[in-house]
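J.: everything below, folded, please.
(one chain, ligands or ions: 2)
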Amino acid sequence: MLVERLRALPTAAVSDALDRIGVEGALHGLAPLSNGFRAVGPAFTVRYAPVDETGAGTVGDFLDDVPPGAVIVIDNAGRTDVTVWGGIMTEVAAARGIAGTVINGVCRDVSVSLTQNYPLFSRGRFMRTGKDRVRLVAVGEPVTVNGVEIHVGALICADADGVLAVPAAEAERVVDIAERIERVESGIVSAARAGGALREAREKFGYHRLQTRSRA
Ligand SMILES: O=C([O-])CC(=O)C(=O)O
Ligand SMILES: [Mg+2]
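T.: Ligands and ions are numbered 1, 2, ... in the order given. As a prediction, this is how the structure comes out:
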């Protein structure tokens, strides 16, 4: 299954595979709260906006609608001054088998995520709540993070290096290419460890052009 194959791949190889087919999927500026965090699964998208004149707004009630195995992608327009995720949400998401949460913004109650080993990826951490400050404006609609459009069902792949969104229609091709890149890179390391020159191993295996755009 595609999600399982993706789970075995580092984001670095998947990113190179996206480069190779000319698709933008890397979400610049997002990082895990802990280097051990890894999350792979179909995106469940959510978007927030600042509260309007009614002042009514809150954080997180959509969680009851998220299926197990999904990766929640929250777009709060990159805001770092108010949270859109916290400890209660972490506890509930972890208990329900949600694969992780990616936030174009910040979260709080970080220690709960670390204790629960629940994978969170964000622009950072901050304690001031989004309650009364943001309102949910879309669930299940495409969101755009740093120019990358993410649709529901795009495969999210996140690890210590950061977060990628792979469009569902390209996922099989991307996984095939990324697996090949991993095999080639292993071959280079083996050849260099066996005493060969790194320069020669890279040349022989075509390292410099693994990620180069190709129509083949
Ligand atoms: O206000 C928030 O960011 C939500 C929060 O603390 C929680 O879910 O525990
Ligand atoms: Mg809290």
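J.: let me see the mean pLDDT of the top strand by length along the chain.
T.: The longest strand of the chain (DSSP state E) is strand 39-50. Strand 39-50 shows a mean pLDDT of 98.
J.: can you name the element that comes right after that strand?
T.: The helix or strand immediately downstream of strand 39-50 is strand 71-75, counting by DSSP states H and E.
J.: how far off centre is that next one?
T.: Mean-position distance between strand 71-75 and its chain equals 9 Å (CA atoms, centre = their mean, to the nearest Å).
J.: residue numbers of this protein in contact with ligand 1?
T.: By CB under 6 Å from any ligand atom, the residues of the chain that approach ligand 1 are 59-60, 83, 85-89, 108-109, 129-131. (C-beta placed from N, C-alpha, C; glycine too.)
J.: change it to 5 Å
T.: Proximity of the chain to ligand 1, by CB under 5 Å from any ligand atom, involves residues Val59, Thr83, Gly86, Gly87, Ile88, Met89, Thr129.
J.: from these, which is closest to Leu136?
T.: Among the residues of the chain next to ligand 1, Val59 lies closest to Leu136 (CB to CB), at 8.2 Å.
J.: picking up where we left off before, from the residues of the chain next to ligand 1, which land in strands?
T.: Per DSSP E, the subset of the residues of the chain next to ligand 1 in strands is empty.
J.: quick one: buried ones out of the residues you listed?
T.: Taking 16 or more other CB atoms under 10 Å as the criterion, what is buried in the residues of the chain next to ligand 1 is Val59, Thr83, Gly86, Gly87, Met89.
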